[in-house]
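>>> task: produce atomic coordinates for the following.
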Amino acid sequence: MSYIKDVLALVKSRNAGELEFHQAVEEVFESLEPVMDRHPEFQKAKLLERLVEPERVIMFRIPWMDDDGEYQVNRGFRIEMNSALGPYKGGLRFHPTVNLGILKFLAFEQVFKNSLTTLPMGGGKGGSDFDPKGKSDSEVMRFCQSFMTELARHIGPDTDVPAGDIGVGGREIGYLFGQYKRLRNEFTGVLTGKKLNWGGSLIRPEATGYGAVYFAEEMLKTRKDSIKGKTCVVSGSGNVAQYTVEKLLQMGAKPVTLSDSNGSIYDSKGISAEKLAFVMELKNVKRGRIKEYAKKFGAEYFEGKKPWGIKCDAAFPSATQNEVDGDDAQTLLDNGCYVVAEGANMPTVPEGVKRFIDAGILYGPGKAANAGGVATSGLEMSQNSMRLLWTREEVDNRLRIIMQSIHGAAAKAAKDYGQEGNYVLGANISGFLKVADSMMDQGLV
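From the prediction side, this is the model:
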């Protein structure tokens, strides 16, 4: 379809070098050809051109002082992509790889992910090229305070509600929230991922990992199957991976791998609850490397390797974008994997996605399978607005219902557009239509 190709060409020319953003836009747009055929009014309104342009891009410097008294300067960003459905919502990422293109890709994905949750949230993303690894608590605090000093003027509970992401956990959210409160003289739900004592929600740390497993379970139900008894490979060893493993254990599956940037471990006996507790202490408190798990429990360790070569029934990519290439995808298929639920954002490259779809396996793309995190952020926003704290069981039940709704919407859209079982197409179309209809309703915005 020439209209979609024309817009893609425009995106690539206007955003030169932002390869992840190009990839994210192309992945969504490839699903939209049948939608554009049915809705010529979208082309007339230049809807795709409007969707790929952020409503606002904020970029700023962050000066801070390290423990040696030396001045440091980092870059800060906030991409406010689309507010058709509600306040901008999306995480803050602190990592050396952060740049404008990465954040535009994440913000673009966030728009459709948030749409799928059924909650009133727009899409945004932000962060900095600051690396919290190896920094003292005092250095992280000074950096966060400088970062929020600029960001505070652009966010608010009815405007933009950031959350955590890679490099931004409970410690960072606390420092950011404290500085916002100091500057604005108000205690409000401007950030999610807060600690329970001061406005956080139960299940929020667990939500992305839990949600990915719930989504996998819903896909398996379509084949009268379940996750119980399945051998599962999980990448990463941070928040998403940890709670993916926890929920897999609760639902009777057998997780056997974890990884970090240095390598991966394979525990043929399975990662038990006790072993997972060791990983949480290792990663969340000691900030150690996953190699220590292998030494502690006698598991195999593969230096510099990802876990995709291990035979499994289900895979949960939970580390970072583009961690599953075409060869990795084929290896998983050759080894009997028939369920993939993405806990990370866009972890599979286009060639890998194509192989999964062509093979007809149950493949849950990130914008659907990992939407549990932002869904529970939305539930935290609701609790903050009502000055209430729901029980753990209530939040977990709401999360499961949301993941069931996301699965249902994606499955229905895929069927309606003649590609039953294609969750990539279904999630893209379902998420897009809600945003597109809202933009059309609101006029030229």
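
>>> who's in contact with the residue nearest the centre of the chain?
Nearest residue to the geometric centre of the chain (C-alpha atoms, centre = their mean): residue 345, 4.6 Å. Residues counted as contacts of residue 345 (C-beta atoms under 8 Å, 6 or more residues apart in numbering) are 106, 109, 320, 321, 366, 370. For glycine as for every other residue, the C-beta is placed from the backbone atoms N, C-alpha and C.

>>> what pairs with the lengthiest strand in the chain, parallel or antiparallel?
For the chain, the strand with the greatest residue count under DSSP state E is strand 71-82. Paired with strand 71-82 in the same sheet, following DSSP bridges, are strand 56-65 (antiparallel), strand 123-128 (antiparallel).

>>> got the contacts of residue 345 as a markdown table, with secondary structure and neighbour count columns?
Converted to a markdown table, the contacts of residue 345 look like this (DSSP: H, G, I helix; E, B strand; the rest coil; neighbours: other C-beta atoms under 10 Å):
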| residue | secondary structure | neighbour count |
| --- | --- | --- |
| 106 | helix | 28 |
| 109 | helix | 28 |
| 320 | coil | 17 |
| 321 | coil | 21 |
| 366 | helix | 23 |
| 370 | coil | 31 |
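
>>> looking at those, which one is closest to residue 29?
Closest approach between the contacts of residue 345 and residue 29, by C-beta to C-beta: residue 109, at 12.9 Å.

>>> so the residue nearest to the centre of the chain: helix, strand or coil?
coil (DSSP: H, G, I helix; E, B strand; the rest coil).

>>> without its sequence neighbours, what residue ends up closest to it?
residue 366 (5.0 Å; C-beta to C-beta, 6 or more residues apart in numbering).

>>> now do the contacts for the one you found.
Each residue near residue 366 by C-beta under 8 Å, 6+ apart is listed here: 109, 113, 342, 343, 344, 345, 346, 347.

>>> can you list those residues in TSV and add pLDDT and distance to residue 47?
Formatted as TSV, the contacts of residue 366 follow (pLDDT from 0 to 100; distance: C-beta to C-beta, whole Å):
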residue	pLDDT	distance to residue 47
109	93	18
113	94	19
342	98	27
343	97	30
344	94	28
345	88	24
346	88	22
347	96	28
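
>>> which one of these sits closest to residue 253?
So of the contacts of residue 366, ranked by how close each gets to residue 253 (C-beta to C-beta), first place is residue 343, at 14.1 Å.

>>> can you report how many residues lie near the residue lying closest to the closest one once chain neighbours are set aside?
Closest residue to residue 343 in three dimensions, ignoring its sequence neighbours and counting by C-beta to C-beta, 6+ apart: residue 318, at 3.4 Å. Neighbour count of residue 318, defined by other C-beta atoms under 10 Å: 30.

>>> likewise the one 4 residues further on?
The local packing count at residue 322 equals 17, with neighbours defined by other C-beta under 10 Å.

>>> how much space separates it from residue 414?
From residue 322 across to residue 414, the span is 24 Å (C-beta to C-beta, to the nearest Å).

>>> repeat that for residue 159.
Per C-beta to C-beta, residue 159 is found 34 Å from residue 414.

>>> which of those two has more neighbours?
Just comparing residue 159 and residue 414: by other C-beta under 10 Å the higher neighbour count belongs to residue 414, 22 against 14.

>>> you'd agree the more buried one is in a helix?
Yes. The assignment for residue 414 is a helix, going by three-state DSSP.

>>> contacts only, for it.
420, 421, 422, 423, 425, 426, 429.

>>> which two among these are spaced furthest apart?
421 and 429 (13.8 Å).

>>> separate out the buried members of the contacts of residue 366.
109, 113, 342, 343, 344, 345, 346, 347 (16 or more other C-beta atoms under 10 Å).

>>> which residues touch the first one?
Applying C-beta under 8 Å, 6+ apart, one finds that residue 109 lies in contact with 24, 123, 345, 346, 366, 367.

>>> please, where are all the strands along this protein?
56-65, 71-82, 88-94, 123-128, 160-164, 231-234, 254-255, 257-260, 263-266, 300-303, 314-316, 339-341, 362-364.

>>> alright, that wraps it up for me.
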